[in-house]
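[1] for reference, the sequence and a predicted model appear below.
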Protein chains: 2
Amino acid sequence: MSTQLDSWNDGAARRAIVDFVTQVTTPGSPAFVPPADRIAVFDNDGTLWCEQPVIQLAHILLRWNEMAQQNPALRDQQPWKAAVEKDMTWFRTAITKHYGGDESDMPAIAKGVLSAFAGLTTEEFAERVDAFFRTESHPTLKRLYRDCWFAPMVELLRYLEAHEFTTYIVSGGGRDFMRQIAEEIYGIPQERIVGTSTVLAFRAQDDGGDLLMQAKLDVFDDGAMKPARLWSRIGKRPIFAAGNSNGDIPMLQFANKPPRPAFRLLVLHDDAAREFEYVSGAEKSLTLAKQYGWTVVSMKNDWKCVFALDEVKK
Amino acid sequence: MSTQLDSWNDGAARRAIVDFVTQVTTPGSPAFVPPADRIAVFDNDGTLWCEQPVIQLAHILLRWNEMAQQNPALRDQQPWKAAVEKDMTWFRTAITKHYGGDESDMPAIAKGVLSAFAGLTTEEFAERVDAFFRTESHPTLKRLYRDCWFAPMVELLRYLEAHEFTTYIVSGGGRDFMRQIAEEIYGIPQERIVGTSTVLAFRAQDDGGDLLMQAKLDVFDDGAMKPARLWSRIGKRPIFAAGNSNGDIPMLQFANKPPRPAFRLLVLHDDAAREFEYVSGAEKSLTLAKQYGWTVVSMKNDWKCVFALDEVKK
């Protein structure tokens, strides 16, 4: 893959990125930042790959179906009932109610999510995620979920790394879910993936032992938790932060510590033809972007392609 | 520093380390492990530097004195009272009571520890730790705390890295405390330090924000928590794990997942002349070492020097 941002149109967004990287990497520049401090953090869902639907939920739906097959009593309980009946309306209604302040379906969903993989070892969970990515496809984009990453953003990762940045994913998505695919599609290794996690319990056995997933949330890595989690993992503030929703605001704010330079980027989903068009959940972040001069990337106008560089060649 | 284990005597421990590293790095060997999976994890207190006294406690004692100066009412409350009066007996008694099942002093100590730096930003805390390491000395070893690291263990870090291992610290010590000194003395960067942490709260302000330390424990990274925390950070099992106490047992067990090779190491403090002699808190780990063939390193017999390579030259 190119490290020259070839998949980006020559517009304000691309120019802002190149200007920033030039400034922080030019020795003697007042904005110069040494390589060890060139930390770049990226949200995942909606920033590096598509989030309609959230890919991890597709993985959980399959598991709920499997659980309901093994234990028929679950077929009369939500969320397993909706999963078995392919009743997506129930899930959409639950989310709509949630946004309206009605949390009545949330305990059932939380219980379903947290119990889905409880009792598995971390290695057993990894094998399941591997199998999911080998076989399962996006319902409307007609491509494997593993191929739903945004080519210009992956090119941006390579561009930053070529300029001695270290890249991290800091996402509300599941840490151990993302880890099974991130190296292959993003080139980001497991130790640079920060995300949501369930509690892991160590079970010792003779001279060894395993970590077992528990039906209990450890950390939901979104919103104000993102700065705390990335600090926990990296021990430094990033100077480059990219997201696409309100949940990324604190991470983008945290990147800014004058007089140190900082670059903040928001991906705007405005491309109904090639991906999707929506601002739901991103309204406040877009307002702040305008107020503080964060760079908003229009998928429609700034990207030559969305899903694969080979589209450029057509 | 040499990467040849020159500060180690030619004994069973050194030979076991060299044999293991040779096996896992020799292409075609049945025990070969690719570089990306050569993860080595090290406890810190008592494994990489001395723990009598625990260096971080010296830092907290100074802070308690400072707090009691600013707020005289604290001088009548433990643990500030003992800190001001330099009443080390009170602390020792509290620990002895704790080991005997009497936790009556523990709430006061926990409150003192957790409140010591509450309200500081992560950067303000880092500056305090920096100042501590620039000036404060060990009471009996007559050297700065920053010079209390074990030279043979640091040489072991370099030896492993020369064979394409990636090294991490996984310690019950404070993550953000260790991070201020680990790169300088161990050559291990901030993102490879895993440790105990307090809750960090993000405080947004205009286009920026800070992380503030809270008077609340996030994770105590000891015992069964060590495997969970290292998995959280690294996403892989180590193949090399080093510790010195019962709190390291789960981490050492977790490193072993046959048929993959694994090396487990315990530092035995048996050198009253050059450091200290004690097994308190390590009894169970030494029993397991004997039972399962973990490598026990005798400071007295296996190390040519303890605190600095230049001692070898004498």
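    Sure, I can see it. Numbering: from 1, shown residues only, chains lettered A, B, ... in the order given.
[2] now the helix or strand encompassing A:Gly195: mean pLDDT?
    Element membership for A:Gly195 (DSSP states H and E) is strand A:193-205. Regarding strand A:193-205, the rounded mean pLDDT is 97.
[3] buried sites along that strand?
    Applying a neighbour-count criterion of 16 or more other Cβ atoms under 10 Å in any protein chain shown, one finds A:193-202 buried in strand A:193-205. For glycine as for every other residue, the C-beta is placed from the backbone atoms N, C-alpha and C.
[4] now swap in stretch A:240-258 and tell me
    A:240-256.
[5] ok, now stretch A:157-169?
    By neighbour count on 16+ other Cβ under 10 Å, the buried set for stretch A:157-169 is A:157-161, A:165-169.
[6] can I get the residues you listed in JSON lines with distance to B:Val279 and secondary structure?
    Output for the buried residues of stretch A:157-169, formatted as JSON lines (distance: Cβ to Cβ, whole Å; DSSP: H, G, I helix; E, B strand; the rest coil):
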{"residue": "A:Leu157", "distance to B:Val279": "49", "secondary structure": "helix"}
{"residue": "A:Arg158", "distance to B:Val279": "52", "secondary structure": "helix"}
{"residue": "A:Tyr159", "distance to B:Val279": "54", "secondary structure": "helix"}
{"residue": "A:Leu160", "distance to B:Val279": "50", "secondary structure": "helix"}
{"residue": "A:Glu161", "distance to B:Val279": "47", "secondary structure": "helix"}
{"residue": "A:Phe165", "distance to B:Val279": "47", "secondary structure": "coil"}
{"residue": "A:Thr166", "distance to B:Val279": "41", "secondary structure": "strand"}
{"residue": "A:Thr167", "distance to B:Val279": "45", "secondary structure": "strand"}
{"residue": "A:Tyr168", "distance to B:Val279": "41", "secondary structure": "strand"}
{"residue": "A:Ile169", "distance to B:Val279": "43", "secondary structure": "strand"}
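[7] among those, which are within reach of chain B?
    Checked against chain B using Cβ under 8 Å from any Cβ of the partner chain, the buried residues of stretch A:157-169 give no members in range.
[8] what's across from A:Thr196 in the sheet?
    A:Gly174 (DSSP bridges).
[9] before we move on, back to that, mind checking which of the buried residues of stretch A:240-258 are in helices?
    A:249-254 (DSSP state H).
[10] tell me the two of those residues that are most distant?
    The distance between the two most remote of those (Cβ to Cβ) is 9.5 Å, for A:Ile249 and A:Phe254.
[11] wait, isn't A:Pro139 in contact with A:Pro53?
    Yes - taking Cβ atoms under 8 Å as the definition, A:Pro139 is a contact partner of A:Pro53 at 7.3 Å.
[12] those two: who's more crowded?
    A:Pro53 (16 against 11; other Cβ atoms under 10 Å in any protein chain shown).
[13] three-state assignment of that one?
    Assigned with DSSP: H, G, I helix; E, B strand; the rest coil, A:Pro53 falls in the coil class.
[14] tell me the predicted confidence for it.
    Looking at A:Pro53, the pLDDT reads 88.
[15] quick check: phi and psi on it?
    phi -80, psi 170 (degrees, to the nearest 10).
[16] give the contact list for it.
    A:Pro139 (Cβ atoms under 8 Å, 6 or more residues apart in numbering or on different chains).
[17] can you tell me how far it sits from B:Gln253?
    40 Å (Cβ to Cβ, to the nearest Å).
[18] cool, and A:Lys97?
    Taking Cβ to Cβ, one finds A:Lys97 at 46 Å from B:Gln253.
[19] A:His163 too?
    Counting by Cβ to Cβ - A:His163 and B:Gln253 are separated by 42 Å.
[20] try A:Phe276
    47 Å.
[21] quick one, helices of the stretch 101-250 of chain A?
    A:106-115, A:122-135, A:151-162, A:175-186, A:225-234, A:249-254 (DSSP state H, counting those that start in this stretch).
[22] and the average pLDDT for the fourth one is what?
    If you average the pLDDT over helix A:175-186, you get 97.
[23] which strands or helices does that helix pack on?
    Helix A:175-186 makes packing contacts with helix A:122-135, helix A:151-162, strand A:166-174, strand A:193-205 when contacts are defined by 3 or more Cβ pairs under 8 Å, 6 or more residues apart in numbering or on different chains; DSSP states H and E.
[24] mind listing residues that contact the first one?
    Same thing as helix A:122-135. Counting by Cβ under 8 Å, 6+ apart, A:58-59, A:62-63, A:117, A:120, A:144-146, A:176-177, A:179-181, A:200, A:210-211, A:213, B:231 sit against helix A:122-135.
[25] which among the residues you listed count as buried?
    Judged by 16+ other Cβ under 10 Å, buried ones among the contacts of helix A:122-135: A:59, A:62-63, A:117, A:120, A:145-146, A:176-177, A:179-181, A:200, A:210-211, A:213, B:231.
[26] interface residues of the stretch 1-150 of chain A facing chain B?
    So far as Cβ under 8 Å from any Cβ goes, the stretch 1-150 of chain A lies against chain B at A:36, A:122.
[27] shouldn't A:Asp221 be in contact with A:Gly174?
    No - the criterion here is Cβ under 8 Å, and A:Asp221 misses it with A:Gly174 at 9.2 Å.
[28] anything in contact with each of the two?
    Common neighbours of A:Asp221 and A:Gly174 (Cβ under 8 Å, 6+ apart) are A:195-197.
[29] which one among these gets closest to chain B?
    Nearest to chain B, judged by Cβ to the nearest Cβ, of the shared contacts of A:Asp221 and A:Gly174 is A:Ser197 at 6.4 Å.
[30] okay, now the unreliable bits of the stretch 1-150 of chain A?
    Within the stretch 1-150 of chain A, no stretch has pLDDT under 70.
[31] ok and the residue in it nearest chain B?
    For the stretch 1-150 of chain A, Cβ to the nearest Cβ, closest residue to chain B: A:Thr122, 6.1 Å.
[32] what's the burial count for that residue?
    Residues near A:Thr122, counting by other Cβ under 10 Å: 20.
[33] same check, this time on the one 5 residues further on
    Here the count is done by other Cβ under 10 Å, and A:Glu127 has 12 residues near it.
[34] try the one 3 residues further on
    If you count neighbours by other Cβ under 10 Å, A:Asp130 ends up with 12.
[35] repeat that for A:Arg237.
    24.
[36] can you pull the contacts of it?
    A:39, A:231, A:254-255, A:257, A:260.
[37] widest-spaced pair of the residues you listed?
    A:Trp231 and A:Arg260 (15.3 Å).
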